[in-house]
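Chemist: I would like the atomic coordinates for the input below:
(chains A, B, C, D, E and F)
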Number of protein chains: 4
Amino acid sequence: MALAEPPAPNDPPPRKLPRDARRLQLIEATIEVMAGAGYARTTLTEVARRAGLSHGLVNFHFQSKERLLAETLLYLAEEYRQNWTEALEGAGPSAPEQLHALMRADFNPRICTPARLSAWCSFWGEAQGRPFYQELCGAKDAEYNLVLEALCARMNAEHGYAAHPQRAARILRVTSEGMWLDMMTMTSPYAVDEATATVMTAAAAFFPRHFDAGGLIVGQR
Amino acid sequence: MALAEPPAPNDPPPRKLPRDARRLQLIEATIEVMAGAGYARTTLTEVARRAGLSHGLVNFHFQSKERLLAETLLYLAEEYRQNWTEALEGAGPSAPEQLHALMRADFNPRICTPARLSAWCSFWGEAQGRPFYQELCGAKDAEYNLVLEALCARMNAEHGYAAHPQRAARILRVTSEGMWLDMMTMTSPYAVDEATATVMTAAAAFFPRHFDAGGLIVGQR
Amino acid sequence: MALAEPPAPNDPPPRKLPRDARRLQLIEATIEVMAGAGYARTTLTEVARRAGLSHGLVNFHFQSKERLLAETLLYLAEEYRQNWTEALEGAGPSAPEQLHALMRADFNPRICTPARLSAWCSFWGEAQGRPFYQELCGAKDAEYNLVLEALCARMNAEHGYAAHPQRAARILRVTSEGMWLDMMTMTSPYAVDEATATVMTAAAAFFPRHFDAGGLIVGQR
Amino acid sequence: MALAEPPAPNDPPPRKLPRDARRLQLIEATIEVMAGAGYARTTLTEVARRAGLSHGLVNFHFQSKERLLAETLLYLAEEYRQNWTEALEGAGPSAPEQLHALMRADFNPRICTPARLSAWCSFWGEAQGRPFYQELCGAKDAEYNLVLEALCARMNAEHGYAAHPQRAARILRVTSEGMWLDMMTMTSPYAVDEATATVMTAAAAFFPRHFDAGGLIVGQR
DNA sequence: GATGAATGAGCCTTCATTCAT
DNA sequence: GATGAATGAAGGCTCATTCAT
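Modeler: Numbering: from 1, shown residues only, chains lettered A, B, ... in the order given. Okay, here's the model as predicted:
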């Protein structure tokens, strides 16, 4: 699914943009409603109201509620993947730099918003017995995890560590996930800064010469 | 969990049961239904069917669906707390022993069942905008986390480590939680053994002289 | 149906009294519940609770809710009839005295209580399509009305008035009824005294030499 | 009462109707159902069936059963008030003429229909513990009564009578109400003509030079 | 007799979906 | 394309009635 791509200048006004714009508008509204009301209380009427559109339009653009929710999850998963992919591309090539960029990506304000965290949480909670949700919620992390594992292996090979790559990667990933959940459900949530510091502390536990609570240690690559 | 009285073989299930036994039976049925269908698809009719009772009885004992679900969550939270409390009491007094017992407790087959993991997940997903759920889901971990923090501090003081107690405790907790989530949502879930090993690996990252992937290192207290 | 008759002293404890006492207790509770909640919200559970008895007892003594309500209405109608019958018997034989007694009877504190007025009102409102209710609600007034008519006719014959007996009787009756309704539904209800004065004023309009707002004019028979 | 647009002969009933027309249609259906079944047995399903619509539509237009009934009562009260207001405006200015018009208004075939009488009765019976019903049922008569009182006072002042204005007005009002109740509940109800004659007889009792059973005496103003 | 758990019919309500305009 | 009225299935809830104890 295409994320919002502003048309290149000089393009003739694309005929399909209104259509995609409407879809995007509805998906964003869905995320907001789910964040505020939870999955079970998300109704098409409320989604339409939030988007400022009429009730009937939702079924016109998405043939059913099920498809609307599925495409919303797809959108979130794709957005999440793009975010860390771009973070990796923008970082230096060394393993510590890549690892640092990957972990920081989870806290990019673009995706680490209360509404998005809530929406993820809601989909997670309803994944039982819904193969499509399970697949996407799983896929979100699976690929991320593979890259993490490869980077942990490189840390061992290139920098002389002896961490168990799979388990270290898994711990780093679930620490990041756990920070998200904490930020959602804790009665007095701590800030993104503390969450980031905690993730970096986990990295430091495995790769102490390259990481500390502040992130990548200056002068290290 | 054992219900009040196992019926003698060939006895028909008793028509009338004391109040608490029925309530427990209905709560267990609710956990099972939520595990199989998710929060949004959990209906009183299905809960009653699973328990082999009429749906009117659910409202007779729990007044409303909302209260049934609230009491189910309360039951899970209390069961969870009892489990690690008892584990601590049954362990030796040293910090490493207590820490080990606390972490193992999360994987006690009594509470670490697919149905219970799923049910927790469902409640978590629907905690948005429901203060009672948030409170209980938060309280589940808050107390556990405090004990973890104290134990990490003791590891520093009594065994010469220098871990950041709050962050270390947080990482150990979310690693355990993350294992639960993985066991739920991963398309090809790994076993409890690997989950336990991962948690122990996290402990080993902070307290390497006392823990390794196998748990508490033999001969250490 | 027998009204509450305390057994004469020295009677052996009658075996059937507990039964009738229970029935009476439940009927009184029904009147109170109907007064407080209205017909549509009157439930057997609440009636039993008000009577301080168990739920199942209601159906044991009255085979169904319908019969409980029917017997309650019967009880009210009989009580009403007894009240004015006794009032007539206790009054002097002259037409003005009888008329005065009959009209006063409606405001006897024994039957003119808030709960009873409310209950009557509720039965009245639900008489549609229920022949039994219509019959009783109608019969309550029909006999009373016949006596009133006869007395009006006697006032004409014996005291030289020229009122239309049927219409005068009807007006006196509905004035009395109207006072009941007013006392029920008016937001700031006036007192029984004013209600009585109003009824007597109506009588005075037809029989001015014998009645005024204060009732039967002293010295007149 | 005429609904918005009588469909042309042979036209199928229109599938979509403006908002207010549907609401009116449903309110009329509610009055009919209440008249036939009483308050307690009035169900949304039956109201919808009577209107020839789906039951979902009732809640679409009225949010809840409670609101449907409240708006029905509001509609009846407003209709009642309009009826006598218009009757007063259409009558001559003298006190006897106004009084006559006011009393006759209650028997205008527009509002004095079996269904409307029954519906009023049902609301009355259920007014206990429902402040909104009490307010409306009371307000229905309170204003009417004030006008009646003022007219009785004018009869005294302008035509030399000495009636107690409040009590005379009250008696005239409850006589009118009583006729309604009789027409509802009497097993063999008498006709509207007799009811009107009775009300006029009551007026004649207080204002004999201007009224008799036939109404306003010809030649009198 | 008495109790209260258990049942199930019927109701109100919500809401995804359809469709005439 | 867009709107919102209309439909009907499905769920929660109430409550009269039954019945084992």
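
Chemist: other SSEs contacting the longest helix along chain A?
Modeler: The residue-count maximum for a helix in chain A (DSSP state H) belongs to helix A:131-159. Judged by 3 or more Cβ pairs under 8 Å, 6 or more residues apart in numbering or on different chains; DSSP states H and E, the packing partners of helix A:131-159 are helix A:65-89, helix A:95-105, helix A:114-125, helix A:165-185, helix B:165-185. C-beta here means a position set from N, CA and C on the backbone, and glycine is covered the same way.

Chemist: avg pLDDT for it?
Modeler: Per-region confidence: helix A:131-159 scores 92 on mean pLDDT.

Chemist: likewise stretch A:58-77?
Modeler: Stretch A:58-77 comes out at a mean pLDDT of 95.

Chemist: which of the residues in the longest helix of chain A are buried?
Modeler: Across helix A:131-159, burial judged by 16 or more other Cβ atoms under 10 Å in any protein chain shown covers A:133-138, A:140-141, A:144-145, A:147-149, A:151-156.

Chemist: returning to what we had before: now render the helices and strands packed on helix A:131-159 as TSV, adding distance to B:Ala119 and mean neighbour count.
Modeler: Shown next, in TSV, are these (distance: least, Cβ to Cβ, whole Å; neighbours: other Cβ atoms under 10 Å in any protein chain shown):
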stretch	distance to B:Ala119	mean neighbour count
helix A:65-89	21	17
helix A:95-105	31	22
helix A:114-125	10	23
helix A:165-185	16	24
helix B:165-185	10	24
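
Chemist: Please produce CSV containing these, extended by distance to DNA strand E.
Modeler: Below are the helices and strands packed on helix A:131-159 laid out as CSV (distance: least, Cβ to the nearest atom of the strand, whole Å):
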stretch, distance to DNA strand E
helix A:65-89, 4
helix A:95-105, 33
helix A:114-125, 14
helix A:165-185, 22
helix B:165-185, 24
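
Chemist: Save those helices as CSV, and put in distance to chain D too.
Modeler: Formatted as CSV, those follow (distance: least, Cβ to the nearest Cβ, whole Å):
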stretch, distance to chain D
helix A:65-89, 17
helix A:95-105, 47
helix A:114-125, 27
helix A:165-185, 33
helix B:165-185, 37
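
Chemist: which residues sit in contact with the closest residue to A:Trp120 other than its chain neighbours?
Modeler: Residue nearest to A:Trp120 in three dimensions, not counting chain neighbours: A:Leu76, with 6.5 Å by Cβ to Cβ, 6 or more residues apart in numbering or on different chains. Residues in contact with A:Leu76 (Cβ atoms under 8 Å, 6 or more residues apart in numbering or on different chains) are A:31, A:116, A:119-120, A:123.

Chemist: Is the longest helix of chain A in proximity to DNA strand E?
Modeler: No: Helix A:131-159 stays clear of DNA strand E (Cβ under 7 Å from any atom of the strand), getting no nearer than 14.8 Å.

Chemist: tell me the angle of that helix relative to helix A:114-125?
Modeler: On the basis of axes from the mean of the first three to the mean of the last three Cα atoms, to 10 degrees, helix A:131-159 is oriented at 110 degrees to helix A:114-125.

Chemist: and the angle for helix A:131-159 with helix A:95-105?
Modeler: Using the same axes, to 10 degrees, helix A:131-159 lies at 150 degrees relative to helix A:95-105.

Chemist: what's the spacing between helix A:131-159 and its chain's center?
Modeler: Relative to the mean C-alpha coordinate of its chain, helix A:131-159 is positioned 13 Å out (Cα atoms, centre = their mean, to the nearest Å).

Chemist: For the residue positioned nearest the centre of chain A, which residues are in contact?
Modeler: In chain A, the centroid-proximal residue (Cα atoms, centre = their mean) is A:Tyr80; its distance is 3.5 Å. A:Tyr80 makes contacts with A:111, A:140, as judged by Cβ under 8 Å, 6+ apart.

Chemist: For it, give its distance to A:Leu26.
Modeler: 19 Å (Cβ to Cβ, to the nearest Å).

Chemist: Quick check: closest non-adjacent residue to A:Val58.
Modeler: Nearest residue to A:Val58, sequence neighbours excluded (Cβ to Cβ, 6+ apart): A:Leu44, at 4.8 Å.

Chemist: burial count for that neighbour?
Modeler: Neighbourhood size, A:Leu44 [other Cβ atoms under 10 Å in any protein chain shown]: 19.

Chemist: Could you list the low-confidence segments of chain A?
Modeler: Along chain A, segments meeting pLDDT under 70 span A:1-17, A:186-189, A:220-221.

Chemist: can you rerun that using 50?
Modeler: By pLDDT under 50, the low-scoring segments of chain A are A:1-16.

Chemist: Can you name the residue of it nearest to chain C?
Modeler: A:Arg41 (29.6 Å; Cβ to the nearest Cβ).

Chemist: Let me know the secondary structure of that residue.
Modeler: Here A:Arg41 is coil, with the state taken from DSSP: H, G, I helix; E, B strand; the rest coil.

Chemist: re the thing from before, A:Glu66 is in contact with the residue nearest to A:Val58, correct?
Modeler: No: at 10.9 Å, A:Leu44 and A:Glu66 do not qualify as touching, with contact defined as Cβ atoms under 8 Å.

Chemist: Which residues of chain A lie near DNA strand F?
Modeler: A:18-19, A:22, A:53-57, A:60.

Chemist: which one of those residues sits closest to chain D?
Modeler: Closest approach to chain D among these (Cβ to the nearest Cβ): A:His55, at 11.4 Å.

Chemist: Quick check, that closest one in contact with A:Thr43.
Modeler: No: with contact defined as Cβ under 8 Å, A:His55 does not reach A:Thr43; the gap is 9.9 Å.

Chemist: How many neighbouring residues does the closest residue to DNA strand F within chain A have?
Modeler: Among the residues of chain A, A:Gly56 lies closest to DNA strand F, at 2.1 Å counting by Cβ to the nearest atom of the strand. For A:Gly56, the count of nearby residues is 10 (other Cβ under 10 Å).

Chemist: Show me what the helix or strand containing it is packed against.
Modeler: Secondary structure assignment for A:Gly56, by DSSP states H and E: helix A:55-61. If you count contacts as 3+ Cβ pairs under 8 Å, 6+ apart, helix A:55-61 packs onto helix A:17-37, helix A:44-51.

Chemist: The residue nearest to A:Arg173 when sequence neighbours are not counted and A:Phe123: what is the separation?
Modeler: Of all residues not flanking A:Arg173 in the chain, A:Asn145 sits nearest, at 5.3 Å (Cβ to Cβ, 6+ apart). Shown here: A:Asn145 relative to A:Phe123, a distance of 18 Å by Cβ to Cβ.
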